[in-house]
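*Asks:* give the three-dimensional model of this entry:
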Amino acid sequence: MSGRSDKTLWSGLFRISVESGQTLQSQIRQAVVTAILDRQMPANKPLPSCRTLASRLSVARGTVVLAYQQLVDQGFLIALERRGHFVNPEALTDLPEAPELSDGTVRLNSPDWGARMSERPSEDANIVKPGDWLSFAYPFIYGQFDPSLFPTAEWRECSRMALGVREIRNWASDMIDRDDPLLIEQIQARLLPRRGIFARPEEIMVTLGAQHALFLIATLLIGPGTKAVMEEPGYPDARNIIASRTGDVRLAKVDGSGLDPDGIEAGCDYVFTTPSHHCPTTVSMPLERRKALLGRAVADDFVLIEDDYDSQLLDDAEPLPALKSLDDAGRVIYVSSLSKTLAPGLRLGYIVADPAVLHELRSLRRMMLRHPPANNQRAVALFLSLGHHDALVRRLTQAFAQRRQTVIKALQTHLPMFAITSDHCGTALWLEGPTGMDAVALAEKARERGVLVERGDVFFAASPKPRNVMRLGISSIAEDRIEPGIVELAKAAAEMMARPLELAG
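*Replies:* Numbers count the residues shown, from 1 in each chain. Predicted structure coming up:
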């Protein structure tokens with residue numbers, strides 16, 4: 001009976017998969033460590049022999065031998081001659097005992113956390129992206145990467161280089177408020193000149209993505225009495241960040257040429273804008289309007305916060321320069337990231353601003369997290385320095401241009417009632433449906449058919465919010481899935497239009 005229960009125990013602990021992305025040896029070590037820390041493996045019970053476990057897992061005996069040996073070296077196991085491997089009792093001595101369930105006394109006397117909270121950011125209107133978006137057949141969502149386009153071999157090469165002994169000495173120490181000098185050099189030499197920006201190292205700071213950059217800027221510069229202007233429609237996360245710092249947020253309308261300078265109210269302190277690809281309509285601000293906006297900033301004494309949204313993938317023959325590149329008066333704080341080219345999960349962005357501003361931003365960042373992980377900074381720096389990012393941008397630009405044309409053709413064929421606001425570049429399309437079309441309900445209907453689209457009302461702050469708009473991302477869907485996905489979206493729309501009473505509800 002004991003043998004049968006032992007077999008059940010070990011079968012439950014060791015679940016090995018060749019598709020997990022980890023080596024078999026790592027999976028075995030992880031299973032043993034998890035079992036020890038969860039107190040599922042008693043110290044007096046021997047582990048299966050190397051030969052027995054190898055046979056049960058269908059792996060080489062040497063794989064188990066190496067896994068066990070490393071666990072012995074780390075102090076999780078001990079090897080007793082002629083008896084086998086056992087859990088090291090010392091590995092269990094420092095583990096806390098699992099708390100027993102109380103009779104509710106602690107819960108009854110716990111703090112009223114709701115009353116103690118100064119704000120409720122969870123209640124802000126935000127863009128929602130399902131965590132399991134990869135499982136959907138037709139994911140037209142923005143800002144997510146396509147695994148088939150990710151430069152796996154190149155990124156692995158740079159990660160391995162960053163883990164070399166010499167490189168570890170460069171990044172393992174606490175950098176306090178500094179950044180990897182190689183990464184700053186590469187941002188200065190490889191990324192910013194593409195946007196017409198020529199900055200000194202002291203004008204550049206690394207962040208955990210563009211959103212972290214915006215949070216730092218808002219925390220430093222925006223307070224209760226600050227007057228801030230946001231685009232309408234506009235980027236919800238930026239709006240929520242700024243609104244959390246000041247109650248005086250004004251809205252400036254966006255037209256087919258982006259933010260209209262004439263719509264900015266007098267007396268404002270900061271204006272947030274996405275001129276390269278407006279979020280969410282994707283329109284680009286013409287050069288003359290950019291100059292007019294900079295002129296207003298000087299005349300009315302306000303600062304522009306430029307989020308160079310989706311800018312690395314401009315496939316125009318002559319892309320328009322960033323606002324920052326035209327800024328002779330130091331009126332622009334520039335924010336960008338590598339999320340749309342390399343990967344959003346990497347969380348790496350940067351700010352370009354006056355050194356006096358960056359000095360304080362570095363101090364603020366130090367209080368928050370000191371600096372972004374230095375090993376990631378070095379891996380990205382190597383990725384840039386070896387030309388991998390330039391090659392990736394060329395490949396992505398070509399792939400997304402083809403996908404964009406495929407989406408446009410499919411929309412014109414199957415959903416001609418939807419108008420496309422801008423179709424010349426970027427990784428998304430902004431669609432406006434006919435009056436009465438409820439795109440919010442359509443998004444829910446489409447989801448039931450395996451189609452993910454983004455509802456557009458979340459990008460608006462003023463009420464009533466239009467419900468006939470939505471955004472289609474093209475970065476995360478394979479080209480051969482585009483037309484079938486649009487066909488399913490069209491079926492969902494036809495089903496809704498056939499039931500007008502449901503639309504009204």
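
*Asks:* measure Met181 to Ile474 for me?
*Replies:* Actually, residue 181 is Pro. It isn't Met. With distances taken as CB to CB, to the nearest Å, Pro181 is found 36 Å from Ile474. Bear in mind the C-beta positions are built from the backbone N, C-alpha and C, glycine included.

*Asks:* who's more crowded, these two?
*Replies:* Ile474 (24 against 13; other CB atoms under 10 Å).

*Asks:* next up, phi/psi of the more buried one, please.
*Replies:* Dihedral pair for Ile474: phi -120, psi 0, per degrees, to the nearest 10.

*Asks:* surely it meets Phe400?
*Replies:* Yes: if you go by CB atoms under 8 Å, Ile474 and Phe400 touch, sitting 6.0 Å apart.

*Asks:* now for these two: what residues contact both?
*Replies:* Thr427 (CB atoms under 8 Å, 6 or more residues apart in numbering).

*Asks:* which residue is nearest the centroid of this structure?
*Replies:* Pro344 (3.5 Å; CA atoms, centre = their mean).

*Asks:* for that one, which non-adjacent residue is closest in space?
*Replies:* Distance criterion CB to CB, 6 or more residues apart in numbering; nearest residue to Pro344, sequence neighbours excluded, is Gly143 at 5.8 Å.

*Asks:* the one you found and Ser26, how far apart?
*Replies:* 31 Å.

*Asks:* who's more crowded, the two?
*Replies:* Gly143 (17 against 13).

*Asks:* need the contact list for Leu326.
*Replies:* Gly196, Arg290, Lys291, Leu294.

*Asks:* can you give me the mean pLDDT across the helix or strand containing the third one?
*Replies:* Applying DSSP states H and E as the criterion places Lys291 in helix 287-300. Summarised as a single mean, pLDDT over helix 287-300 is 96.

*Asks:* list the buried residues for it?
*Replies:* Arg289, Arg290, Leu293, Leu294, Arg296, Ala297 (16 or more other CB atoms under 10 Å).

*Asks:* next one: it to chain centre, how far?
*Replies:* 31 Å (CA atoms, centre = their mean, to the nearest Å).

*Asks:* could you name the helices and strands sitting against the helix or strand following it?
*Replies:* Using DSSP H and E, the helix or strand that follows helix 287-300 in sequence is strand 303-307. On a contact count with 3 or more CB pairs under 8 Å, 6 or more residues apart in numbering; DSSP states H and E, strand 303-307 meets helix 210-221, strand 270-273, helix 287-300, strand 332-337.

*Asks:* with distance to Pro261 added, can I get these in JSON lines?
*Replies:* Shown next, in JSON lines, are the helices and strands packed on strand 303-307 (distance: least, CB to CB, whole Å):
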{"stretch": "helix 210-221", "distance to Pro261": "21"}
{"stretch": "strand 270-273", "distance to Pro261": "9"}
{"stretch": "helix 287-300", "distance to Pro261": "5"}
{"stretch": "strand 332-337", "distance to Pro261": "14"}
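
*Asks:* I'd like to know which of these lies nearest to Ala419.
*Replies:* Nearest of the helices and strands packed on strand 303-307 to Ala419, taken as CB to CB: helix 287-300 at 22.0 Å.

*Asks:* tell me what angle the closest one forms with strand 303-307.
*Replies:* Between helix 287-300 and strand 303-307, the angle formed by their directions is 140 degrees, by axes from the mean of the first three to the mean of the last three CA atoms, to 10 degrees.

*Asks:* got the angle for helix 287-300 vs strand 332-337?
*Replies:* 130 degrees.

*Asks:* C-alpha coordinates for helix 287-300, CSV please?
*Replies:* This file holds the C-alpha atoms of helix 287-300, laid out as CSV (Å, rounded to 0.1, in the frame of the first residue of the first chain):
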residue,chain,number,x,y,z
LEU,A,287,4.3,70.1,-39.6
GLU,A,288,2.6,73.5,-39.6
ARG,A,289,0.3,72.6,-36.8
ARG,A,290,3.3,71.3,-34.8
LYS,A,291,5.0,74.6,-35.2
ALA,A,292,1.8,76.4,-34.2
LEU,A,293,1.5,74.3,-31.1
LEU,A,294,5.1,75.1,-30.1
GLY,A,295,4.3,78.8,-30.8
ARG,A,296,1.3,78.7,-28.4
ALA,A,297,3.5,77.0,-25.8
VAL,A,298,5.9,80.0,-25.8
ALA,A,299,3.2,82.7,-26.1
ASP,A,300,1.0,81.3,-23.3
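
*Asks:* show me where the stretch 101-250 of the chain has its strands.
*Replies:* 138-139, 204-207, 227-232, 248-255 (DSSP state E, counting those that start in this stretch).

*Asks:* what comes into contact with the last one?
*Replies:* Just to be clear, that refers to strand 248-255. With CB under 8 Å, 6+ apart, strand 248-255 has contacts from 225-234, 239, 242-243, 259-260, 263-265, 268, 271, 278, 281, 283, 461-462.

*Asks:* at 7 Å what do you get?
*Replies:* 226-233, 242-243, 259-260, 263-265, 268, 278, 281, 461-462 (CB atoms under 7 Å, 6 or more residues apart in numbering).

*Asks:* next: the second one.
*Replies:* The contact list for strand 204-207, computed with CB under 7 Å, 6+ apart, reads 179, 183-184, 187-188, 213, 216, 348-352, 358, 361-362, 372, 377.

*Asks:* repeat for the shortest one
*Replies:* For strand 138-139, contacts defined as CB under 7 Å, 6+ apart pick out Trp133, Gly450, Val451, Leu452, Ser476, Ile477, Arg481, Pro484, Gly485, Glu488.
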